[in-house]
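Asks: Coordinates only, no sequence provided:
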């Protein structure tokens, strides 16, 4: 594991008199993070939106890595995530649904079940961090 994989560092800076931050990791493009009015101005992603994107990309990276190791041809991959929030505080996600749309001439349902299970059990760090606290459901379609 390289140094970047062991320790990650980020910085956010407040850019207005509400809750609008700009966040950056290393030399990457800054990300705008805000909250909905009246607390924020809706000028960027909310923290929970970023979590959904992070979870989706973590899962996508894991399943694509395994399918490619299995010599499968991937022509496209899309993951749609939706989270249902708790009513009480903290109002984090009580459940997240991930819908994987895989375009491939040779990926089978068994292949998808196998790689999603691998991601859940061992290879998606975001999943491992929220597992047990949030109900996770995955579905997939192969085109």
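Replies: Sure, I can see it. What you see is a predicted model; the values in this text were computed from it and never measured.

Asks: going forward, measure contacts between C-alpha atoms and count neighbours the same way
Replies: Noted.

Asks: Surely residue 59 is within a helix?
Replies: Yes - counting by DSSP: H, G, I helix; E, B strand; the rest coil, residue 59 is part of a helix.

Asks: Tally up the residues packed near it, please.
Replies: For residue 59, the count of nearby residues is 25 (other C-alpha atoms under 10 Å).

Asks: Next up, the contacts around it.
Replies: Counting by C-alpha atoms under 8 Å, 6 or more residues apart in numbering, residue 59 touches 116, 119, 124, 127.

Asks: Centre-most residue in this structure?
Replies: Centroid-nearest residue in the chain, with C-alpha atoms, centre = their mean: residue 55, separated by 1.9 Å.

Asks: which residues does that residue contact?
Replies: For residue 55, the contacting residues are 126, 127, by C-alpha under 8 Å, 6+ apart.

Asks: Buried residues of the one helix or strand it maps to, list them for me.
Replies: Element membership for residue 55 (DSSP states H and E) is helix 47-69. By 16 or more other C-alpha atoms under 10 Å, the buried positions in helix 47-69 come out as 52-53, 55-60, 62-64, 66-67.

Asks: coming back round to it: in JSON lines, list the contacts of residue 59 along with distance to residue 29.
Replies: Shown next, in JSON lines, are the contacts of residue 59 (distance: C-alpha to C-alpha, whole Å):
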{"residue": "116", "distance to residue 29": "30"}
{"residue": "119", "distance to residue 29": "27"}
{"residue": "124", "distance to residue 29": "23"}
{"residue": "127", "distance to residue 29": "25"}
